[in-house]
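Asker: predicted model and sequence below, questions to follow.
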Amino acid sequence: MAVSFTYNTRLNDSELFIDAPNNDAHQRAFAQHSPDAKYDQVLAEWRLPWNGEPVDQYIIALTSLIESNPIEPEFHRITEDKGIKYGYAQSTVGEGAEIQIDALRANNISDTRIFYDKLEGRNPATPKLSECLDLIRSGDVLYVWNLNRLARSLKQLSEALQAIQDGGAHLVSLDEKIDSREAEFKNFVTHITYASNFEKEANKIRTSAGIKEAAAKGRIGGRKFSLSRQQLEMMVQAILNGVDMDSIADMVKLTPSSVYRNLPGGPTAIKEIYESEGDEGVQNYLDRLMESRKMGITPDIRNEIIQLSKNGMTVPEIVKRTSFNRETIRAIIKEGDN
């Protein structure tokens, strides 16, 4: 009996890519319908020459050939031999990784040792890079097309290079002709690490100066102090740059407890939002904070709502008591849980 599947497909000038598993059923179907089709283990897609046939019709014909066999997941084991070549590639939404992967293959790196991350969102995770870095051992070599395909920030690059060096492995960047095994690149990791630390400290200094400038334009002192959006942004950036709360409080001439009152959830919540949602999430956090101020929700009222929830009062009960709508109450409680 035939079974139906839902596939993601994409086309370039001469090839069709189909997001289908590499199992016995699909291998038989492709062999019968498209003998030139090959499974790309790195992209986890079937790729085949394309003659312009409507994709929908092709998929219908393909699925009609697939028997209802149990589909076993595709996996491979990486050996732990010494001196293994690994490859890593990454692309963002809308980009292809074919050029990178073809370059890695041209350097005799097998598909089973090429790792590929397709990045999505502003601060995407790179699980395949983490998997690769966990595998490399002393004497192994990690190949990338370009350093900006290994990391998207100086900090990330420093961390990746340090992991490679700590494992006794080496890095080759094909496009930039960097090979950490060569004498001229002996101190490459040290230089990158120094540059990353310099950037971090410079950010702290710039943030401190910005907060002081913003504070100078506002009202200083006690609970009457109303922090502006600019000041809140500076404080959030300081937290993300690693500045401690006592230093931030000193910059804006508030007590640490007042800083916490003005930033619901404190550093933990802000860092979690940034790690999961990036800059956009942080801006949404600040938008909600400013909107609550317009509605008359002061830090003290916010803390009271959170405490009422912790004491067992339901959202409808809090709505009746405070006159704020349910969505606002839920958002405040959620921030308080972080």
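Answerer: Perfect, thanks for sending it. Numbers count the residues shown, from 1 in each chain.
Asker: from here on, just use CA atoms for contacts and neighbour counts.
Answerer: Noted.
Asker: assumed Ala25 was part of a strand.
Answerer: No. Secondary structure of Ala25 (DSSP: H, G, I helix; E, B strand; the rest coil): helix, not part of a strand.
Asker: tell me the strands beside the top strand by length along the chain, with direction?
Answerer: Looking across the chain with DSSP state E, the single longest strand is strand 85-92. With DSSP bridges as the criterion, the sheet partners recorded for strand 85-92 are strand 114-119 (parallel), strand 141-144 (parallel).
Asker: give me the number of residues near Tyr58?
Answerer: Neighbour count for Tyr58, taken as other CA atoms under 10 Å: 12.
Asker: for it, give me phi and psi.
Answerer: phi -60, psi -40 (degrees, to the nearest 10).
Asker: can you pull the buried residues of the longest strand of the chain?
Answerer: 85-91 (16 or more other CA atoms under 10 Å).
Asker: next structured bit after the strand or helix carrying Glu277?
Answerer: Using DSSP states H and E, the element containing Glu277 is helix 266-294. Next helix or strand after helix 266-294 toward the C-terminus (DSSP H and E): helix 299-310.
Asker: show me what that next one is packed against.
Answerer: helix 256-262, helix 315-322, helix 326-337 (3 or more CA pairs under 8 Å, 6 or more residues apart in numbering; DSSP states H and E).
Asker: would you mind writing the CA trace of it as CSV?
Answerer: Extracted in CSV, the C-alpha atoms of helix 299-310 (Å, rounded to 0.1, in the frame of the first residue of the first chain):
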residue,chain,number,x,y,z
PRO,A,299,7.4,49.1,40.3
ASP,A,300,5.6,48.9,43.7
ILE,A,301,2.3,47.9,42.1
ARG,A,302,4.1,45.4,39.9
ASN,A,303,5.7,43.8,42.9
GLU,A,304,2.4,43.7,44.7
ILE,A,305,0.7,41.9,41.8
ILE,A,306,3.5,39.3,41.8
GLN,A,307,3.2,38.8,45.5
LEU,A,308,-0.6,38.4,45.3
SER,A,309,-0.1,35.7,42.7
LYS,A,310,2.5,33.9,44.9
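Asker: the strands in the stretch 101-250 of the chain, which residues?
Answerer: Applying DSSP state E, counting those that start in this stretch to the stretch 101-250 of the chain gives strands spanning 114-119, 141-144, 170-173, 178-179.
Asker: that older thread, lowest average pLDDT across the helices and strands packed on helix 299-310?
Answerer: Mean pLDDT is lowest for helix 315-322 out of those, coming in at a mean of 72.
Asker: report how many residues lie close to Asp117.
Answerer: Counted with other CA under 10 Å, Asp117 comes out at 21.
Asker: from Leu171, how far out is it?
Answerer: Between Asp117 and Leu171 the computed distance is 18 Å (CA to CA, to the nearest Å).
Asker: go through the strands paired with strand 85-92 and pick out the most buried.
Answerer: strand 141-144 (a mean of 24; mean count of other CA atoms under 10 Å).
Asker: quick check: closest non-adjacent residue to Phe185.
Answerer: Using CA to CA, 6 or more residues apart in numbering and skipping residues adjacent in sequence, the residue nearest Phe185 is Asp179, 6.7 Å away.
Asker: I'd say that neighbour and Val172 touch.
Answerer: Yes. Contact between Asp179 and Val172 holds when scored by CA atoms under 8 Å: they sit 4.5 Å apart.
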